[in-house]
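S.K.: Need a 3D model of the following:
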Amino acid sequence: MTASNAPIRTLIVDDDFRVAAIHAQFTARVPGFQVTGIAHTAGDALSQVRTQHPDLVLLDLYLPDESGLDLMRRLGEQPTPPGVIVITAARDLAHIRTAITQGAVHYLVKPFRFAAFAERLGAFRDLHRRLADLDERRAEADQNEVDGLFHLMRTGTIPVAPKGQSPETMRLVRDLVRDADPDVSASDVATELGVSRPTAQRYLSALAQQGVIELRLRYGSTGRPEHRYRSVRGG
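M.R.: Residues are numbered from 1 along each chain as shown. You can find the predicted model right below:
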């Protein structure tokens, strides 16, 4: 199993035992995540991060021994700092601003529905796997990929469609590629969505440039290689 499709190791940090258990159950329902631990204090959380090296920490800001924001700063000082999604009842701008400046990937206010939780985790999963894929290929990101990564980190959505392209069609193309097993061509997309092949190719190319999907070449016995597209989450 490669890093780009390995389960995302997740630590749940919340002083409320019941809430922490619920968050662990929610996390287990989102494909691609594995709960590696639950901590109810900042001290325990930091200890588990140092020994287990999770990829992601779901962090409450109200902890009995230390502010979650102070813990977040210390997590950022680790040799391999985890990503942090803040999950808290704190709604004031001071908490929100500090969490953002300290690198929180997302900030989810309690209470919330599972759909909102799954959306934030899904965005982190896409970002994490895209970065892992680039690292495995030792690839340098161009500006379009950088923009796509930052947009994905903050919103969990694809970037704004280029001029002349429909955001709704771009979402349909993205979803079709994500559901493909294992990949699709421009002709496949054109047939499925009822658009022309050149139109499908334009949307696929734009998504590939933004780092949302990736292009793979399939070589046959003769002729030019076929362009195939797959989700960057896949492995």
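S.K.: quick one: the strands in this structure?
M.R.: Using DSSP state E, the strands of the chain run over residues 8-13, 33-39, 56-59, 83-88, 106-109, 213-218, 226-231.
S.K.: what lines up beside the fifth one in the sheet?
M.R.: What it means is strand 106-109. strand 83-88 (parallel) (DSSP bridges).
S.K.: Can you list the buried residues in stretch 24-44?
M.R.: Going by neighbour count (16 or more other C-beta atoms under 10 Å), the buried part of stretch 24-44 is 24, 26-27, 30, 32-33, 35-40, 42, 44. For every residue, glycine as well, the C-beta is placed using N, CA and C.
S.K.: R174 is nearest to which of the strands of the chain?
M.R.: Smallest distance to R174 across those (C-beta to C-beta): 6.9 Å, for strand 213-218.
S.K.: Which neighbours in the sheet does the closest one have, and how are they oriented?
M.R.: strand 226-231 (antiparallel).
S.K.: Residues in contact with the partner strand: which ones?
M.R.: Strand 226-231 is contacted from outside by 177-178, 180, 182-186, 201, 204, 207-208, 213-218, 220, using C-beta atoms under 8 Å, 6 or more residues apart in numbering.
S.K.: quick revisit: just name the most buried of the strands of the chain.
M.R.: Most buried of these by mean neighbour count (mean count of other C-beta atoms under 10 Å) is strand 56-59; its value is a mean of 26.
S.K.: shaky segments in the protein?
M.R.: 1-4, 137-139, 141-145, 147-149, 151-162, 221-223, 233-235 (pLDDT under 70).
S.K.: All the helices of it, in order from the start?
M.R.: Assigned by DSSP state H, the chain shows helices spanning 17-29, 42-52, 68-75, 93-101, 114-136, 143-155, 167-179, 186-193, 197-209.
S.K.: Show me the one of those helices that comes nearest L11.
M.R.: Using C-beta to C-beta, the helices of the chain put helix 42-52 closest to L11, at 5.7 Å.
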